[in-house]
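Undergrad: Sequence isn't available, so here's the structure alone:
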């Protein structure tokens, strides 16, 4: 299925199951398959995933992308489905987009989960220059990214394939557009206006998006609560799904009870 945005871009999206809608927003340069390993954890809900513009089956315009613009794309999907609102769970860049969704469209977000994300470079904690240089080396990129995502023990026991290493079908210009969009994200001024109940999850051992960002966001968003997943790196939601998914479900159930 496709939704058409205000600028005419077609955004591919997928719907699974029935029940209370939960929108799942993937990381930078990834499509909906980012979530594939943990979709069974959220059985009993209407799960909505999408391919960011530039990825998957969505259009790939060669133009400026922004995290705020990606939030507008999510709204186009909700509109196409006839949904007034939904719960939203965004990780990594998806968490940055989710911030804008809750800031600009508060009536569309029933409850908000932000995972392994930050308010942006201007006020948040950023990865080191050493990591940036390592990721820029084509000969090392995939291995470095894997080690940022998962613990060595988990990698030794799980040889892949992996769903969090980026969409291999993306054109190079779209990868660049995604990188710039994520790097320029700055929702700091808008975070105090978020009204949705908010849970923030982060792995204690995440240095890709440093774990200190979790409490920073919690202090900035009214009523938000941060939970750290001990021993987890950036892909906490996958490796530590037995901890993370129940935490999300418990939070969403409590938020629903309060409405």
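TA: Received the coordinates, thanks. If you're wondering where the values come from, they're calculated on a predicted model, not measured in any experiment.

Undergrad: drop to CA atoms for contacts and neighbour counts, all remaining ones
TA: Fine.

Undergrad: measure the residue of the chain most remote from its centre to residue 115 for me?
TA: Farthest-out residue of the chain from its mean C-alpha position, per C-alpha atoms, centre = their mean: residue 139, at 26.4 Å. According to C-alpha to C-alpha, to the nearest Å, residue 139 stands 29 Å off from residue 115.

Undergrad: repeat for residue 106
TA: Counting by C-alpha to C-alpha - residue 106 and residue 115 are separated by 19 Å.

Undergrad: quick one: which of those two has more around it?
TA: Set residue 106 next to residue 115 and count neighbours by other C-alpha atoms under 10 Å: residue 115 wins out with 32 against 16.

Undergrad: residues in contact with that one?
TA: Residue 115 sits next to 89, 90, 91, 92, 95, 200, 201, 202 when contact means C-alpha atoms under 8 Å, 6 or more residues apart in numbering.

Undergrad: Please tabulate these in JSON lines and include neighbour count as additional columns.
TA: Putting those into JSON lines (neighbours: other C-alpha atoms under 10 Å) gives the following:
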{"residue": "89", "neighbour count": "22"}
{"residue": "90", "neighbour count": "23"}
{"residue": "91", "neighbour count": "29"}
{"residue": "92", "neighbour count": "23"}
{"residue": "95", "neighbour count": "28"}
{"residue": "200", "neighbour count": "26"}
{"residue": "201", "neighbour count": "27"}
{"residue": "202", "neighbour count": "31"}
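
Undergrad: Among those residues, name the ones in helices.
TA: residue 95 (DSSP state H).

Undergrad: got the contacts of residue 115 as CSV, with pLDDT and distance to residue 45 columns?
TA: Formatted as CSV, the contacts of residue 115 follow (pLDDT from 0 to 100; distance: C-alpha to C-alpha, whole Å):
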residue, pLDDT, distance to residue 45
89, 98, 13
90, 98, 16
91, 98, 18
92, 97, 22
95, 98, 20
200, 98, 20
201, 98, 20
202, 98, 23
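
Undergrad: Name the nearest of the contacts of residue 115 relative to residue 187.
TA: Distance to residue 187, by C-alpha to C-alpha, is smallest for residue 95 among the contacts of residue 115, at 11.0 Å.

Undergrad: Which residue is the nearest non-sequential neighbour of that closest one?
TA: Nearest residue to residue 95 in three dimensions, chain neighbours excluded: residue 114, at 5.0 Å (C-alpha to C-alpha, 6 or more residues apart in numbering).

Undergrad: what kind of secondary structure is that neighbour in?
TA: Following DSSP: H, G, I helix; E, B strand; the rest coil, residue 114 is assigned to strand.

Undergrad: which is the next helix or strand following the one helix or strand in the chain whose mean pLDDT sits lowest?
TA: The weakest-scoring helix or strand in the chain, judged by mean pLDDT, DSSP states H and E, is helix 129-135 (a mean of 86). Downstream of helix 129-135, the first helix or strand assigned by DSSP states H and E is helix 141-149.

Undergrad: Contacts only, for the nearest residue to residue 123 once chain neighbours are set aside.
TA: In this structure, residue 123 finds its nearest non-sequential neighbour in residue 188, 7.0 Å apart by C-alpha to C-alpha, 6+ apart. Listed by C-alpha under 8 Å, 6+ apart, the contact partners of residue 188 are 119, 120, 123, 220.

Undergrad: Please apply the same query to residue 97.
TA: Applying C-alpha under 8 Å, 6+ apart, one finds that residue 97 lies in contact with 25, 67, 68, 70, 71, 90.

Undergrad: One more: residue 215?
TA: Per C-alpha under 8 Å, 6+ apart, neighbours of residue 215: residue 226.

Undergrad: For it, give its distance to residue 64.
TA: Distance of residue 215 to residue 64, given as C-alpha to C-alpha: 31 Å.

Undergrad: Please apply the same query to residue 109.
TA: Applying C-alpha to C-alpha, the value for residue 109 to residue 64 is 26 Å.
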